[in-house]
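[1] Sequence and computational prediction follow.
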Amino acid sequence: MAEAEIPEDHPRHDSLVTRHRIEAGVEKGITSRQGLIAQGRGEAFDYLLGERTLPSADAAARAAAAHLLLADHPVVSVNGNAAALVPGELVALADAVGADLEVNLFNRTEERMRAIVDHLLDHGASEVKGLAADARLPNLTHERAKVDADGIADADVVLVPLEDGDRAAALADLGKAEIVIDLNPMSRSVQVADVPIVDNILRAIPNITAHAHELAHAERAELERIVGAFDAAATLDDAERAIRDGDLS
Ligand code: ATP
């Protein structure tokens, strides 16, 4: 079934769209085959959450928007799954908050880096970082540590959708404010995040952008209040509770 043929009211709509895009991403050389496994794990958690954005995840998306708007140098990190699933939405978010886009891969190859940079440029990005790779994150092995000196290395706020736990921890160790999107509230990456968003990236990225538009003219004090009031541990507890107590009938 082509993506356009998936009916909006299909009970598994999001999961079918996600599978379709990830499959196309693998065919285009954007997503690694390991990305298929990550997708399967995510899909199981989304099923348990009822494929919906919890109110706590919406509050997290709002706190993420406030963080990004307050930042001196926000960067949106992009991996193969994120690029396949929400390329245009990532470009729109970066535009809304004045962030850089940087491709950052767990399984880094020059071909895949290039393919993702081109894919984002095709979806309207004016500049995409990640190819220079002239800085390193400490405490990580060579390929996974590569970042741009004027990108993630210099950022004060980083959005890392679907990051692995080690790299999320390495970024947190550098003192950067970290926003992580992951459907698994028990994953190590959300556990180290300043703002964990337990939601499907398909819903979370446009939601952060919508909050950013709404907060675009807010006073700094109001943005700081939103950031200060956000409780990461309570957000993770709420998502875990929704999964454990979920009514899937
Ligand atoms: P960690 O190292 O953080 O404990 P992990 O080893 O579980 O994580 P991987 O299997 O590498 O991580 O990555 C997959 C993660 O991405 C899973 O936690 C999964 O829930 C999440 N994920 C997959 N697809 C999506 C999606 N569409 N939206 C949000 N999260 C997703």
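    Thanks, I have it.
[2] Could you list the single helix or strand in this structure with the lowest mean pLDDT?
    In the chain, no helix or strand scores lower on mean pLDDT, DSSP states H and E than helix 142-145, which sits at a mean of 82.
[3] Would you check how far apart the closest residue to the ligand within the chain and residue 48 are?
    Of all residues in the chain, residue 42 sits closest to the ligand, at 2.4 Å by Cβ to the nearest ligand atom. Backbone N, C-alpha and C define where each C-beta goes, glycine included. From residue 42 across to residue 48, the span is 11 Å (Cβ to Cβ, to the nearest Å).
[4] Residue 6 too?
    According to Cβ to Cβ, residue 6 stands 21 Å off from residue 48.
[5] Let me see the contact set for the most centrally placed residue in the chain.
    For the chain, the residue nearest the mean C-alpha position is residue 161 (2.1 Å; Cα atoms, centre = their mean). When contacts are counted by Cβ atoms under 8 Å, 6 or more residues apart in numbering, residue 161 touches 77-79, 81-82, 180-182, 201, 204-205.
[6] Just to be sure, which of the residues you listed are found in helices?
    81-82, 201, 204-205 (DSSP state H).
[7] What residues does this structure have near the ligand?
    Counting by Cβ under 6 Å from any ligand atom, the residues of the chain close to the ligand are 18, 38-39, 41-42, 45, 81, 85, 162, 164-165, 181-184, 187-189, 200-202.
[8] tell me the phi and psi of the residue nearest to the centre of the chain?
    When read as degrees, to the nearest 10, the backbone of residue 161 gives phi -70, psi 140.
[9] now do residue 113
    Main-chain torsions, residue 113, degrees, to the nearest 10: phi -60, psi -50.
[10] and the gap between it and residue 143?
    11 Å.
[11] What ranges does this protein have for its strands?
    Taking DSSP state E, the strands of the chain run over residues 74-78, 100-103, 135-136, 146-147, 157-161, 177-181, 195-197.
[12] Would you reformat these as CSV and include distance to residue 117 and mean pLDDT?
    Output for the strands of the chain, formatted as CSV (distance: least, Cβ to Cβ, whole Å; pLDDT from 0 to 100):
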stretch, distance to residue 117, mean pLDDT
strand 74-78, 9, 98
strand 100-103, 6, 98
strand 135-136, 17, 95
strand 146-147, 14, 94
strand 157-161, 17, 96
strand 177-181, 21, 97
strand 195-197, 25, 98
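[13] And the residues of the chain next to the ligand, which of them are buried?
    18, 38-39, 42, 45, 81, 85, 162, 164, 181-184, 187-189, 200-202 (16 or more other Cβ atoms under 10 Å).
[14] hang on, the earlier thing: need the per-residue pLDDT for the residue of the chain closest to the ligand.
    In this model, residue 42 is scored at 95, pLDDT.
[15] Relative to residue 219, how far out is the closest residue to it other than its chain neighbours?
    Once flanking residues are discounted, residue 42 sits nearest to residue 183: 4.7 Å by Cβ to Cβ, 6 or more residues apart in numbering. Distance, residue 183 to residue 219, using Cβ to Cβ: 33 Å.
[16] ditto for residue 180
    Distance, residue 180 to residue 219, using Cβ to Cβ: 27 Å.
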